[in-house]
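Asks: take this sequence and fold it.
(one chain, ligands or ions: 3)
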Amino acid sequence: MRNLERADTLQIEHKGRNDFVTQVDRGAESEIIKLVHKAYPMHAILGEEGGKIGDNEVVWIIDPLDGTTNFLHRLPHFAVSIGIQIKGVLTHGVIYAPCTQDLYVGSRGAGATLNNRRIRVSTCRDLEQSLVGTGVPIKPDKLPAYIPSLNAVAENTAGIRRAGAASLDLAYVAAGRLDAYWEMGLKPWDMAAGLVLVQEAGGIVGELYGEGDPLSTGNVMVATPKIHGALNDVLKAARPAFDAG
Ligand code: IPD
Ligand code: CA
Ligand code: CA
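Replies: Ligands and ions are numbered 1, 2, ... in the order given. Okay, the predicted model is just below:
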């Protein structure tokens, strides 16, 4: 937290409207890549700041600072998120939130943990009782497709939270703090680690409209098994005709 108070020394660059990057994002990514390559020189990298490096069946998908806007505003809700894909399959995920010192780890077939304790998705079975996380698109052109989903989820659940770090939204579903989460227009590094965690914690991972792989379309919805179907129906019904093509 002490370092957060020094956020005014940050060099802030705009990657686009509402999309920022600082020397902390870039520095963290290069440190992570150095460590990965020291241990596994042949492995490939897909990093938010540096893009693709190398070509290998093992790919480390890295978001060095997820929640940069929170970080810039000294909101203590951001994380480092690293997922591993082997032959196109997400197999491992780790998310670390430095302000709370929470470490989430998940491995395919081996479950998910928070600070070494096993985590499970919530037992929520009724959409009306659920608390659902989301992210508001930073690109204004995505808002017309997003707003109907926001209305529909608000009408059918107990509440919505927009906390500002997609990786932690997913980790919170895995840990049973949120019952579901949806977002549009994400990048692979926002969700690779979190998707492994949700799956390994017993949740359902899906594409927002049930069309393909969320890692490719960028549109994701995850939920406890009992409410996944109902939330899926609500989101599908709210999909605007222009977006459905
Ligand atoms: C952002 C956060 C945010 C989500 C955005 C992401 P960044 O990542 O995860 O919650 O709504 O879509 O881009 O830019 O802070 O790494
Ligand atoms: Ca991110
Ligand atoms: Ca980031």
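Asks: helices of this structure, start to end?
Replies: 23-39, 68-72, 143-156, 166-174, 188-200, 214-217, 225-237, 241-244 (DSSP state H).
Asks: as JSON lines, these with mean neighbour count and distance to ligand 3 would be great.
Replies: To be clear about C-beta, it is placed using only N, CA and C from the backbone, and glycine gets the same treatment. Listed next are the helices of the chain as JSON lines, based on neighbours: other C-beta atoms under 10 Å; distance: least, C-beta to the ion, whole Å:
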{"stretch": "helix 23-39", "mean neighbour count": "15", "distance to ligand 3": "6"}
{"stretch": "helix 68-72", "mean neighbour count": "20", "distance to ligand 3": "5"}
{"stretch": "helix 143-156", "mean neighbour count": "16", "distance to ligand 3": "20"}
{"stretch": "helix 166-174", "mean neighbour count": "30", "distance to ligand 3": "9"}
{"stretch": "helix 188-200", "mean neighbour count": "27", "distance to ligand 3": "7"}
{"stretch": "helix 214-217", "mean neighbour count": "17", "distance to ligand 3": "16"}
{"stretch": "helix 225-237", "mean neighbour count": "18", "distance to ligand 3": "25"}
{"stretch": "helix 241-244", "mean neighbour count": "10", "distance to ligand 3": "26"}
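Asks: let's have those helices in JSON lines, adding mean pLDDT.
Replies: Listed next are the helices of the chain as JSON lines, based on pLDDT from 0 to 100:
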{"stretch": "helix 23-39", "mean pLDDT": "91"}
{"stretch": "helix 68-72", "mean pLDDT": "91"}
{"stretch": "helix 143-156", "mean pLDDT": "96"}
{"stretch": "helix 166-174", "mean pLDDT": "98"}
{"stretch": "helix 188-200", "mean pLDDT": "98"}
{"stretch": "helix 214-217", "mean pLDDT": "94"}
{"stretch": "helix 225-237", "mean pLDDT": "96"}
{"stretch": "helix 241-244", "mean pLDDT": "77"}
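Asks: redo those helices as TSV? Include distance to ligand 2.
Replies: TSV is the format used below for the helices of the chain (distance: least, C-beta to the ion, whole Å):
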stretch	distance to ligand 2
helix 23-39	9
helix 68-72	7
helix 143-156	17
helix 166-174	6
helix 188-200	4
helix 214-217	14
helix 225-237	22
helix 241-244	23
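Asks: can I get the ones you listed in a markdown table with distance to ligand 1?
Replies: Below are these laid out as a markdown table (distance: least, C-beta to the nearest ligand atom, whole Å):
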| stretch | distance to ligand 1 |
| --- | --- |
| helix 23-39 | 7 |
| helix 68-72 | 4 |
| helix 143-156 | 11 |
| helix 166-174 | 3 |
| helix 188-200 | 5 |
| helix 214-217 | 13 |
| helix 225-237 | 17 |
| helix 241-244 | 17 |
